[in-house]
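In: I need the structure of the sequence given here:
(one chain, ligands or ions: 3)
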Amino acid sequence: MIPLLTAAQISQVDNYTIAHEPITSIALMERASEAFVVAFTCDYPDKAKNITVYCGTGNNGGDGLAIARLLKNNFYTNVSVKIARFSQKSTPEFEHNFVQLKSVGIDFFVINADDEIPFDDSEIIIDALLGSGLNRPLSGDYAKLVEYLNNLHTTVVAVDVPTGFYTDGQIPGNLLVLKARQVITFQQAKINFLLPESAPFMDDFKVVDIGLDKPFIASLNSPYQLIEESDVRQMLKPRKPFSHKGTYGHALIIAGQPQTMGAALLCSSACAHTGAGLTTVCIPQSGLVALNTSMPEIMAIIRNDLPDIKWEKYNTIAIGPGLGTDASSIELLRAVFKEYKRPVVIDADALNMIADNKDLLLNIPAGSVITPHMKEFDRLFGQHTSWWQRIETVISKAKQYNICILLKNRYTIIGTPEGKIYFNPTGNPAMASGGMGDVLTGVITSLLAQGYAAREACIIGAYIHGKAGDELSNQLSVVLAGQVAKHIPATLAKMRA
Ligand SMILES: NC(=O)C1=CN([C@@H]2O[C@H](COP(=O)(O)OP(=O)(O)OC[C@H]3O[C@@H](n4cnc5c(N)ncnc54)[C@H](O)[C@@H]3O)[C@@H](O)[C@H]2O)[C@@H](O)CC1
Ligand SMILES: Nc1ncnc2c1ncn2[C@@H]1O[C@H](COP(=O)(O)OP(=O)(O)O)[C@@H](O)[C@H]1O
Ligand SMILES: [K+]
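Out: Ligands and ions are numbered 1, 2, ... in the order given. This next block holds a predicted model:
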């Protein structure tokens, strides 16, 4: 896991690293700038491009000055610097690099407060105006400059953070940010890069290691963690030589209506493909032919008004995909909560029924998983005006109800009763199509049936679901849910290799 820190904590780690490595702050800035330049050179190899580095007078600006010098050393022939000296304050690291810049003879131009903004015809802008030191929205000269630069629609590569962007905490509406084509960020993704509100301000980000003290980072025990492939590899259990179908659990999936049988089929297919020993799906009579034709491996219980279910047979139950919210579905959901005390997976219409009958929240078995997308989440827990607020709600509700909450998105957010938030990095826009969530539910259900606890089932489930989609998207620009379900065994094989 990569711990994700707030800006205040990152500054604490900078200071700790400087004191304990030990390294001077100027040498650390040089190391960060070198790391930036290595990444930049990779993505922008044309050394003749007209590049302007815009620098503030803090340490982000200090980085910018060092980067300009290092680019020149790397034979970028057309680099110049514009310094926004909007206040008299500057850091010693900035001033040090200013002296260095002058000694290597790079063109620079100082823009003072209230000055006209000089004309810019560069092909690439490197944004080193403000970084993680931002403490209020841009205004005055900074706002004027950023608006001017945004209107140029030039390729902008931001150093560490796009100028004006909040790295953590609630992002104010109508925020003015220097829009970046790419952010080359130091040490770790900033938490707000992983939330949808970052989308208007950056197309992409890349993390470069600047050698901050890892044990100290770990000791800060951040609640926010980014999942890595190695975590999932470690969590995955092998399939043992003398194992049999009974070893891998029996999952029951209660899903589907005549018009939404696809949800039941996709969910149960994903469950079987993720390796549950047995999968039974509880569907309406009219879906039986479709099930037997498409998935002969899966057993069925026909759902009359209230089906006769032998609850104790199942290692877990999933309820919701395509289930509808009529009276008999609510009765069935209440029956699950009354009769079944082990962890379950609750998705889609089951979440909508709980949203309409909030008393049911208290009846969710301990250790269960709920898998809302944003709309289902807001229906359950109230309207939110920002994703940061949603994260706070995930933390409080996961604890209150002793469940894992998996809030689906580009970087799916998993909250546990212990107050941890895990971000899943896998998945891609080719997967933005109907039924994808039904497949994820099937994957997580399968993992619970196989004996994984809710936290592990969510982490492994979200990761392999997205990774299967990523592998398919190497060749396909649109990936359908059924394809992801069928590809899970191949992804699992790679992860277990
Ligand atoms: N030794 C270190 O601390 C390192 C810092 N690094 C760089 O340093 C950056 C952080 O540097 P700083 O803490 O100096 O901060 P910044 O360079 O981000 O900002 C400078 C100052 O601008 C002022 N400011 C904040 N919001 C403003 C606004 N809206 N309008 C006008 N002025 C505003 C603040 O007084 C702030 O301290 C990082 O993003 C990174 O680029 C890297 O060089 C790695 C090492
Ligand atoms: N742009 C995207 N990037 C990454 N993952 C995506 C993207 N779009 C969709 N997904 C994944 O697909 C799933 C969609 O779930 P959901 O909205 O519930 O779909 P449905 O209701 O159609 O089954 C989630 O797991 C989500 O993370
Ligand atoms: K910046």
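In: helix, strand or coil: sort out whatever residue of the stretch 301-450 of the chain ends up closest to ligand 2 for me.
Out: Going by Cβ to the nearest ligand atom, ligand 2 is nearest to residue 437 of the stretch 301-450 of the chain, at 2.1 Å. All C-beta spots, glycine's among them, are computed from the backbone N, C-alpha and C. Secondary structure assignment for residue 437 (DSSP: H, G, I helix; E, B strand; the rest coil): helix.
In: kindly report the same for the one 4 residues further on.
Out: Remark: residue 441 carries the secondary structure label helix [criterion: three-state DSSP].
In: which ones are touching the residue of the stretch 301-450 of the chain closest to ligand 2?
Out: Each residue near residue 437 by Cβ atoms under 8 Å, 6 or more residues apart in numbering is listed here: 321, 347, 348, 371, 373, 408.
In: residue 117 belongs to a helix?
Out: No: Residue 117 is assigned coil when assessed by three-state DSSP, not a helix.
In: measure the nearest residue to it once chain neighbours are set aside to residue 136 for me?
Out: What sits nearest to residue 117 in space, not counting adjacent residues and going by Cβ to Cβ, 6 or more residues apart in numbering, is residue 148, at 4.8 Å. Here residue 148 is placed at a distance of 20 Å from residue 136 (Cβ to Cβ, to the nearest Å).
In: who has more neighbours, these two?
Out: residue 148 (13 against 8; other Cβ atoms under 10 Å).
In: quick revisit: give me the pLDDT value at the residue nearest to residue 117.
Out: With respect to pLDDT, residue 148 scores 98.
In: secondary structure element holding it?
Out: Counting by DSSP states H and E, the element that carries residue 148 is helix 140-152.
In: what of residue 33?
Out: Assigned by DSSP H and E, residue 33 falls in helix 25-43.
In: repeat that for residue 156.
Out: Here residue 156 is assigned to strand 155-159, by DSSP H and E.
In: right, is the following helix or strand past that strand up against ligand 3?
Out: Using DSSP H and E, the helix or strand that follows strand 155-159 in sequence is strand 182-186. No: under the criterion of Cβ under 5 Å from the ion, strand 182-186 makes no contact with ligand 3; the nearest approach is 8.1 Å.
In: could you give me the average pLDDT of whichever helix or strand comes after strand 182-186?
Out: Following strand 182-186 in sequence order, the next helix or strand is strand 205-208 (DSSP H and E). The average pLDDT within strand 205-208 is 98.
In: CA atoms only for the very next helix or strand once past strand 205-208 - export them in CSV, please.
Out: Per DSSP H and E, the first helix or strand lying C-terminal to strand 205-208 is helix 214-219. Provided in CSV are the C-alpha atoms of helix 214-219 (Å, rounded to 0.1, in the frame of the first residue of the first chain):
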residue,chain,number,x,y,z
LYS,A,214,9.5,5.8,3.9
PRO,A,215,9.6,4.5,7.5
PHE,A,216,8.6,8.0,8.7
ILE,A,217,5.8,8.1,6.1
ALA,A,218,4.5,4.8,7.3
SER,A,219,4.7,5.9,10.9
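In: a markdown table for the contacts of residue 437, including secondary structure, neighbour count and distance to ligand 2?
Out: As requested, the contacts of residue 437 are exported to a markdown table (DSSP: H, G, I helix; E, B strand; the rest coil; neighbours: other Cβ atoms under 10 Å; distance: Cβ to the nearest ligand atom, whole Å):
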| residue | secondary structure | neighbour count | distance to ligand 2 |
| --- | --- | --- | --- |
| 321 | coil | 31 | 7 |
| 347 | coil | 32 | 7 |
| 348 | helix | 26 | 6 |
| 371 | coil | 31 | 7 |
| 373 | coil | 17 | 4 |
| 408 | coil | 21 | 4 |
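In: now, which of those sits nearest ligand 1?
Out: residue 408 (30.7 Å).
In: what's that closest one in contact with, if anything?
Out: 371, 372, 373, 374, 437, 440.
In: likewise for residue 127?
Out: Applying Cβ under 8 Å, 6+ apart, the residues near residue 127 are 54, 149, 156, 157, 158, 159, 162, 163, 178, 180.
In: just give the nearest non-adjacent residue to it, would you?
Out: Closest to residue 127 by Cβ to Cβ, 6+ apart is residue 158, at 4.3 Å.
In: mind listing the residues bridging to the one you found?
Out: As for beta bridges, residue 158 partners with residue 127, residue 183 under DSSP bridges.
In: so what's the residue count around it?
Out: With other Cβ under 10 Å as criterion, residue 158 counts 29.
In: average model confidence for stretch 488-497?
Out: Across stretch 488-497, the average pLDDT comes to 96.
In: from residue 26, how far out is the residue nearest to residue 127?
Out: 22 Å.
In: now residue 239
Out: Distance from residue 239 to residue 26, by Cβ to Cβ: 54 Å.
In: now swap in residue 388 and tell me
Out: Taken as Cβ to Cβ, the span from residue 388 to residue 26 is 34 Å.
In: kindly report the same for residue 324.
Out: From residue 324 to residue 26 the distance is 65 Å (Cβ to Cβ).
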